[in-house]
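>>> fold the following for me, if possible:
(2 chains)
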Amino acid sequence: MRTRTPVPFKNRLISLVVAGLLPVCANAGKDDNTLVVAFEKPLTTVDRLYSIQREGLILSRLTDDGLFYVNPDSLEFEPLAAESYEWVDETTLDVTVRDDVRFHDGSKLTADDVVYTFEWVLDDESDTSRGPVIQSWLESVEKTGPRTVRFNLHLPYPMALRDMAISIPVRKEGTYEGADGMDNAAEDRPLNGIGPYRIKEFSAGREIVIERFEGYYHTSPKANPAIETMVFRVIPDQGTQQAELLSGGIDMMMGVPPDVADNISHLPGVERKEGNDIRIGYITLDAAGYSDPDSPFTNLKVRQAINHAINREEITRYLVRGSAEVVPYACHPRQFGCNADGPVYPYNPEKAKQLLKEAGFPNGFSFKLWAYREKIIAEAVVSDLKAIGLDVDLRFVKLNVFAKVRNDKDMEAFFASYGSGGTADASASTGVHFAAGSARNYTDDEELAETVLAAERTIDPLERKRLYREALNRIAEQAYWVPMFSYSQNYLLSPGLEFPVPKDGVPRFWQASWSDQ
Amino acid sequence: MFNYILRRGLMALLVALTVSFGTFALFHFATDPAQTIAGEDAPQEMVDDIREQYGFDRPVSVQYGDWLGSALQGDFGQSYFWKQPVVELIKEHAKVTIVLALSALGVTILIALPLGISAALKPNSWVDRFALSTAVSAQAIPNFWLGLMLIILFSVTFPIFPVSGDATWKHYVLPALVLGASSVPAVMRLTRTGLLDVLSSDYIRTARAKGFVGYRLILQQAMRNALLPIVSVLAVQLGHKLGGSVVTESVFSMNGLGRLAVESIFNSDIPTVQSLILIFVLTFVLLTLAADLINAWLDPRIRMG
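Here you go, the predicted structure:
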């Protein structure tokens, strides 16, 4: 099965034709210390409190700092605008704020600003995008000293630092005064963050220009970024992005399909970098029988047969490629808690057929497999399943249609992926998919849901690991999922651009620089 | 004439309402707007909160009634995705599409009319064959392919025009060529056929006898009648360009209505999609009406009934 990842015809075309017509390339911004990056999707607001987009996360890591941040090397959550923190007990967190942090307007960060930010998020009227998540664990926040703040939690919640790190940038007291509900994000106010860059221009759907903030606190791990100005241009078409890269209009493309990267990267004027991503691909089987109480997938042997029937090694090696690897359990191997030792299901079509026979389906059965991305992989899965006698009807649809049918619990089986918001913790994947009430949970396994919930409410790391091991082993024993593979990320860069490849797939552009060569 | 306009106007409204309700219902039955707005990786709490906040948990008929009631009062609502009033969003994007559509129409006229006239004046000659080959090629070439070829040639190999964007007039040159080229075959062939018909008519023979020759004969006598069907086609083509520049706008990263429509559909941004559909339908109907009125103005026989 030496098939390659399909790339839209137009993207192949531009790669091939350009190879023959290549001009002398120039960097977009090396001379004036500017970095121009292409965004595939438009950003609707630069305020992270009102954005759930991946592009918003990338930008906010430049313009905003939270109390904590994700260490790019260890992927652990460490203090940033916070100087230190201490868990007083399982539901009380004390944080001391740094005294050298300044907002982009020059004013000093205070404990009052931190209290204001979190009270705003807790306010139902604020309609922030992460409000419901924060409200689920945070009861109140109070100022306990000139630089100290206390967070009172409803319940023990080990991911509090994660939520503070990736979702809640600190805002100046009074920022949203006079704003109302959903209009908050659209208010025409300059973003006053505390990050190493500040917004210079924002044109929704077109581009965002940011410039280095010279007043940024030098004690920060993000201090002294090398690039002076960064421009994020919205270019939805990947073929156009390639042309821009080759003509010197942009300096960097992200999320490049492997085939395009192969075709373009050998050209002069383009460098390729490859990195990991926390995203994993998987197949969910309707073990609970939501779509049909008599569904064959309610039978454990059938689910085990499906697991044995799919050649994940070859799919990963030839279709996903790069640094992708086979994932044996329902989490990314780099995530905290992803430490199961339950059963794995090596590729064995004969065993799969035997299991189907034992389950009472010697001649197979028919079902629909739903998918919304990587059609070639879904087709490879269908091919493997047909080889053991199953009649599979692939329903490849757009994401919004897919989400509707999945949330209605009307799918017998679906191939999907999950990025965990770039979080290296099993709570962001296992927890989301197997919690009670989750639209993604097709198991109806109350014991499993309780284990997952217990893990989410346990502060002790060792106990959390034990609980996740128990949950992941249960998922593997019951073959609720077919865990498939982790993803790989391809970046195409202008020569001379130094850019450390992120371990979680979320670029940190403050680390980028132009080399002197 | 007034009754005619009224009838056409009511028809336009009916078509717009039918399409609008169909789209609204399809969106709700086939997609989950709350999940789309929240994002694929969003936790369940966020999705549920959005469902409640936007009122997606109410019956579809109630939601449509609410939208229609507001729309009739001129309030097209707030975009779920862009978090802006839809009217402002459309105003902002319409400029790009209007400039692009008019430029493309200009390209069509500049290429198709001279080609059509030349082909009609020398039928079955090499000029005619060249014109027909050009028309067939323009029809056969997909927009995205032509767009990418032009980008490679004029932006990458010979960097004369920018690859993408819509900030300056230079950004419009290549997209206008691409969008304009797609209408050349229809307009060129119509010009050729219309002019051939007119040139063989009695009044042209009379005009020739009176001493009309060359461009005076073609422009003053023949083209006036040959233009009638061309005006109708150009009006329809303008409608196509205003509502159908999706691919061109995407390839050249132009922030027009076409790209807005695509992004709104993928993001289940129902208020924006609804408003855009209303605009596209009304634009088509109004342009067809305008073509009829121009025809009536050009041709006294139509005007007199």
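>>> nearest to chain B: which residue in the stretch 51-200 of chain A?
A:Pro132 (4.1 Å; CB to the nearest CB). For the C-beta atoms, the positions are set from N, CA and C on the backbone; glycine is no exception.
>>> what about the helices in the stretch 351-500 of chain A?
A:375-386, A:399-407, A:430-434, A:446-456, A:461-478 (DSSP state H, counting those that start in this stretch).
>>> which one of the ones you listed lies closest to B:Ala261?
helix A:399-407 (14.6 Å; CB to CB).
>>> quick check, the strand ranked longest in chain A touching chain B?
Assignment by DSSP state E gives strand A:271-285 as the longest strand of chain A. No: judged by CB under 8 Å from any CB of the partner chain, strand A:271-285 makes no contact with chain B; its nearest approach is 9.0 Å.
>>> check which residues of that strand are buried.
Within strand A:271-285, the residues that qualify as buried are A:272-285, counting by 16 or more other CB atoms under 10 Å in any protein chain shown.
>>> can you check stretch A:145-163 too?
A:147-151, A:153, A:156-163.
>>> so which of those sit within helices?
Members of the buried residues of stretch A:145-163 lying in helices (criterion: DSSP state H): A:Ala160, A:Leu161, A:Arg162, A:Asp163.
>>> who's in contact with the second one?
Looking back up the chat, that one is A:Leu161. By CB atoms under 8 Å, 6 or more residues apart in numbering or on different chains, A:Leu161 lies in contact with A:Phe68, A:Phe77, A:Tyr85.
>>> specify the beta-bridge partners of the second one.
The residues paired with A:Phe77 through beta bridges, assigned by DSSP bridges, are A:Val70.
>>> buried ones in stretch B:263-281?
B:263-265, B:267-281.
>>> spell out which parts of the stretch 351-500 of chain A neighbour chain B.
A:398-401, A:403-404, A:407-408, A:418-421, A:432, A:435, A:437-439.
>>> packing partners for the helix or strand hosting B:Met11?
Using DSSP states H and E, B:Met11 maps to helix B:2-30. Under the contact criterion of 3 or more CB pairs under 8 Å, 6 or more residues apart in numbering or on different chains; DSSP states H and E, helix B:2-30 touches helix A:399-407, helix B:60-72, helix B:270-298.
>>> for B:Lys91, what are its contacts?
No contacts exist for B:Lys91 under CB under 8 Å, 6+ apart.
>>> mind listing what's buried along the host helix or strand of it?
Using DSSP H and E, B:Lys91 maps to helix B:86-121. The neighbour-count check on helix B:86-121 (16+ other CB under 10 Å) flags B:86, B:89-90, B:92-94, B:96-97, B:99-101, B:103-105, B:107-109, B:111-113, B:115-121 as buried.
>>> now the helix or strand following that helix: average pLDDT?
Following helix B:86-121 in sequence order, the next helix or strand is helix B:126-140 (DSSP H and E). Mean pLDDT, helix B:126-140: 86.
>>> follow-up on the earlier one: do you know how far the residue of the stretch 51-200 of chain A closest to chain B is from A:Thr44?
A:Pro132 sits 19 Å away from A:Thr44, going by CB to CB, to the nearest Å.
>>> cool, and B:Leu287?
In terms of CB to CB, B:Leu287 sits 32 Å off from A:Thr44.
>>> quick one, what contacts A:Leu497?
By CB under 8 Å, 6+ apart, the contact list for A:Leu497 reads A:Asn27, A:Lys30, A:Leu35, A:Asp251, A:Met252, A:Glu271, A:Ala512, A:Ser513, A:Trp514, A:Ser515.
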